[in-house]
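Asks: Quick one: sequence plus predicted model below, questions after.
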Amino acid sequence: MTMQGKTVLITGASRGIGESAARVFAEAGANVVLSARSAAEIERIAGEIGDKARAVPCDVADYASVVAAVDKAVETFGGLDVLINNAGVIEPISHLDASDPEGWGKVIDINVKGVYHGMRAAMPVMEAQGGGTILTISSGAAHGPVEAWSHYCASKAAVNMLTRCIDKEARDKGIRAIGLSPGTVATEMQREIKASGVNPISKLDWSDHIPPEWPAKCLLWMCGAGGDAWLGDEISLRDESIRKAVGLI
């Protein structure tokens, strides 16, 4: 699949799925805008990718910062075709009755408001140019409770509903909105989960996790015709038929 001439903005692009997505989309010919709070990391990755990559420091919890990243993408490459809402956190992991309200709220600021900020900033730009694709990283935690993850489960459930809402409101304006539930991925977040030792997910062997390149390649596939059947819905990368369609197995 080619993304030649398309521009993609990726949040949380300093590591994990976000970094892998930047590399995969650039290899497919896209202009990629990497955003994250870690300026040095995204600068390094953008430098390794080359001329089609730009690093834009951004805090998704701050709407003005997200608007500035979208504006930079448009200013640099002439438009915005794909937004990948990838930025997300899981710390502090805690049972709800012992949770820190401030820490719990910060997770919502990043995982929910951060996704909303991306959608809100990107949609008018995409609608004005005739359409675009908004892909958001969800989780199986959106659909069932996980011990000590009340903040994460609630945030991912909200993100799933945001995808459904913008599909209902803006599909006829050319917006393709899809969620991706990647399963457990070998990223820094999994190290944090493992360190908590709280629930069965923390007990998984590292070999049980898929590499971040898998969801990155699925995100690319979702930008094409294969993703059309899933508009307003969520794709699970645990589904073997999806893995086959993407070419992972």
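Replies: Yep, it's here.
Asks: helices and strands of the protein: which one bottoms out on pLDDT?
Replies: Scoring the helices and strands of the chain by mean pLDDT, DSSP states H and E places helix 188-196 at the bottom, with a mean of 88.
Asks: Quick one: list the elements packing against the very next helix or strand once past that one.
Replies: Downstream of helix 188-196, the next assigned helix or strand under DSSP states H and E is helix 213-222. On a contact count with 3 or more C-beta pairs under 8 Å, 6 or more residues apart in numbering; DSSP states H and E, helix 213-222 meets helix 16-27, strand 132-137, strand 175-181, helix 240-246. C-beta: built from backbone N, CA, C; applies to glycine.
Asks: Could you export the ones you listed as a markdown table, including mean neighbour count and distance to V198?
Replies: Shown next, in a markdown table, are the helices and strands packed on helix 213-222 (neighbours: other C-beta atoms under 10 Å; distance: least, C-beta to C-beta, whole Å):
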| stretch | mean neighbour count | distance to V198 |
| --- | --- | --- |
| helix 16-27 | 24 | 21 |
| strand 132-137 | 25 | 22 |
| strand 175-181 | 24 | 21 |
| helix 240-246 | 14 | 29 |
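Asks: Out of these, flag the one nearest D109.
Replies: D109 lies closest to strand 132-137 among the helices and strands packed on helix 213-222, at 16.0 Å (C-beta to C-beta).
Asks: and the helices and strands packed on helix 213-222 as CSV, adding distance to A148 and mean pLDDT?
Replies: Shown next, in CSV, are the helices and strands packed on helix 213-222 (distance: least, C-beta to C-beta, whole Å; pLDDT from 0 to 100):
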stretch, distance to A148, mean pLDDT
helix 16-27, 21, 97
strand 132-137, 20, 98
strand 175-181, 20, 98
helix 240-246, 29, 96
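Asks: Can you lay out these as CSV showing distance to N199?
Replies: Listed next are the helices and strands packed on helix 213-222 as CSV, based on distance: least, C-beta to C-beta, whole Å:
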stretch, distance to N199
helix 16-27, 20
strand 132-137, 20
strand 175-181, 18
helix 240-246, 25
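Asks: Of these, which is nearest V146?
Replies: Across those, V146 has its closest neighbour in strand 175-181 (13.2 Å, C-beta to C-beta).
Asks: Starting from the closest one, tell me which strands it pairs with and how they run.
Replies: strand 132-137 (parallel), strand 234-236 (parallel) (DSSP bridges).
Asks: What is the distance between it and the centre of its chain?
Replies: The chain centroid and the centroid of strand 175-181 are separated by 10 Å under C-alpha atoms, centre = their mean, to the nearest Å.
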